[in-house]
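>>> can't give you the sequence, but here's the structure:
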Ligand code: ADP
Ligand code: MG
């Protein structure tokens, strides 16, 4: 079986510096795949290579059997990738419902729009706040709204960059439940994450990066039990 997303020997240099070196990563259909590693490991750079923000210096990226190594970001979105970036990009001056409407409108028949808005509001636990301006939501709720806008595109692969950044532990747990529910509905997920409790909650597969390279991969149980993985986090003041 071919992987949904297949990254092969991908590299990215900035000047003379190798941020990502010969990285292999396979995301199988149905996985919640977490990409972890200490600060500076190259996770965000790899994420940007996968979504097309950067072109790799070497290697290839295949998505749904197609070579997307040089494809523009919008072409990857059209193929079924949807991205929730770290910085929230909801329309703060517009109501919550309007944000979802905007995200849904190009992918939903007009007579189904309202029903889809309701379904998403309920899924995101934002029904009671539908008329509020998005800027009035809590930080956690804004993150969920943004996940809602990403899934409005009905992606095959949902890509999340640190979805729990700045969230309380209760909000983090809620985010994990939301992601698991989306996954149960058939969505494959790739998440860059540093919160290990969250990774334990959601991951079905884990890839560990260190110094720009793939360091380990396995189930969450295997990774948590691997003493060499614990070691790379030691001496790093802010593992992330
Ligand atoms: P992580 O997300 O795992 O913390 P990054 O991918 O952000 O790591 O960074 C990996 C390394 O690449 C770091 O040493 C970082 O300083 C460097 N780096 C990242 N982006 C750039 C850039 N645009 N220009 C130069 N160096 C960069
Ligand atoms: Mg990062």
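Done, it's in. From a predicted model like this one, the values you see are computed outputs, not experimental measurements. Numbering: from 1, shown residues only. Ligands and ions are numbered 1, 2, ... in the order given.
>>> how about the nearest residue to residue 61, chain neighbours excluded?
In space, and not counting its chain neighbours, residue 61 is closest to residue 69: 4.9 Å by Cβ to Cβ, 6 or more residues apart in numbering. C-betas here are computed from N, CA, C, even on glycine.
>>> Could you check how far that neighbour is from residue 22?
Residue 69 is 15 Å from residue 22, where distance means Cβ to Cβ, to the nearest Å.
>>> Of those two, give the one with the bigger neighbour count.
Ranked by neighbour count (other Cβ atoms under 10 Å), residue 69 and residue 22 place residue 69 first, with 18 against 14.
>>> did I read that right, that one in a helix?
No: the assignment for residue 69 is coil, going by DSSP: H, G, I helix; E, B strand; the rest coil, so no helix is present there.
>>> by contact count, what packs against the least confident helix or strand in the chain by mean pLDDT?
Ranked by mean pLDDT, DSSP states H and E, the weakest helix or strand in the chain is helix 227-233, scoring a mean of 89. Helices and strands touching helix 227-233, by 3 or more Cβ pairs under 8 Å, 6 or more residues apart in numbering; DSSP states H and E, are strand 205-210, strand 213-218.
>>> Mind checking the pLDDT average for the last one?
Throughout strand 213-218, pLDDT has a mean value of 96.
>>> helices or strands up against the helix or strand just after that strand?
Moving toward the C-terminus from strand 213-218, the next helix or strand (DSSP states H and E) is helix 220-224. Judged by 3+ Cβ pairs under 8 Å, 6+ apart, helix 220-224 is in contact with helix 196-202, strand 205-210.
>>> Please state the offset of helix 220-224 from the chain centre?
Computed by Cα atoms, centre = their mean, to the nearest Å, the chain-centroid distance of helix 220-224 equals 20 Å.
>>> Likewise for stretch 130-141?
Here the centre of stretch 130-141 is set off from its chain's centre by 21 Å, with Cα atoms, centre = their mean.
>>> before we move on, what about stretch 96-105?
With Cα atoms, centre = their mean, you get 20 Å for stretch 96-105.
>>> go on, stretch 2-17?
17 Å.
>>> same check, this time on stretch 77-94
The answer for stretch 77-94 is 11 Å, by Cα atoms, centre = their mean.
>>> Give the rounded mean pLDDT of it.
On average, stretch 77-94 scores 88.
>>> and residue 189, that one's in a strand?
Yes: Residue 189: assigned to a strand according to three-state DSSP.
>>> any weak-confidence spans in the protein?
By pLDDT under 70, the low-scoring segments of the chain are 1, 88, 235-240.
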